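1. only the shape, not the letters, is given here:
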């Protein structure tokens, strides 16, 4: 439906090929637990730097995705070894998106679109494995 739901509920009906709602909720719980652990590692400077990149209208979609990727990879270096790297990177991307959008709400559409692009390019297999493992 193209709607962004921020309350954790899904809009519309499930389509063929989509995981059922229980699988989505299970994955969400796992990611939220990882997010709680990683949230404290994200320093204000990282968020402020990303905000500045997103505010720069001269940066192309590819350049802004590269900035997000560099921020995620930089934060990922400090990930505890007991966390799965790809899942942690997925959560870091989502946490950075939330923090940038909270800091400058007018950037929500741009940062959300960039994050979806980043996840599609770099973490798609991780998402597929999570869905497969939960079904």
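-> Received it, and whenever you're ready, just let me know what you need. Note that this is a predicted model, so its numbers are computed, not measured. Numbering: from 1, shown residues only.

2. what residue is smack in the middle of the protein?
-> residue 94 (2.4 Å; CA atoms, centre = their mean).

3. list the contacts for it?
-> 31, 35, 115 (CB atoms under 8 Å, 6 or more residues apart in numbering). No exception for glycine: its C-beta is placed from N, CA and C like everyone else's.

4. can you count the residues close to residue 52?
-> Residue 52: 12 surrounding residues under other CB atoms under 10 Å.

5. element containing it?
-> helix 44-55 (DSSP states H and E).

6. so which elements touch that helix?
-> helix 61-76, helix 85-103, helix 108-122 (3 or more CB pairs under 8 Å, 6 or more residues apart in numbering; DSSP states H and E).

7. would you turn these into TSV with distance to residue 23?
-> As requested, those are exported to TSV (distance: least, CB to CB, whole Å):
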stretch	distance to residue 23
helix 61-76	25
helix 85-103	15
helix 108-122	17
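
8. looking at these, which is buried most?
-> helix 85-103 (a mean of 20; mean count of other CB atoms under 10 Å).

9. follow-up on the earlier one: so which of the contacts of residue 94 is the closest to residue 68?
-> residue 115 (6.7 Å; CB to CB).

10. distance of that closest one relative to residue 22?
-> Relative to residue 22, residue 115 is positioned 25 Å away (CB to CB, to the nearest Å).

11. what sits against residue 74?
-> Residue 74 neighbours (CB under 8 Å, 6+ apart): residue 46.

12. I meant to write residue 87 there.
-> Here residue 87 is in contact with 30-31, 34, 126, 130 (CB under 8 Å, 6+ apart).

13. now it: how far from residue 51?
-> 25 Å.

14. swap in residue 119?
-> From residue 119 to residue 51 the distance is 20 Å (CB to CB).

15. how about residue 63?
-> 15 Å.

16. could you do residue 94 as well?
-> Residue 94 is 16 Å from residue 51, by CB to CB.

17. and the pLDDT for residue 91?
-> On pLDDT, residue 91 comes in at 91.
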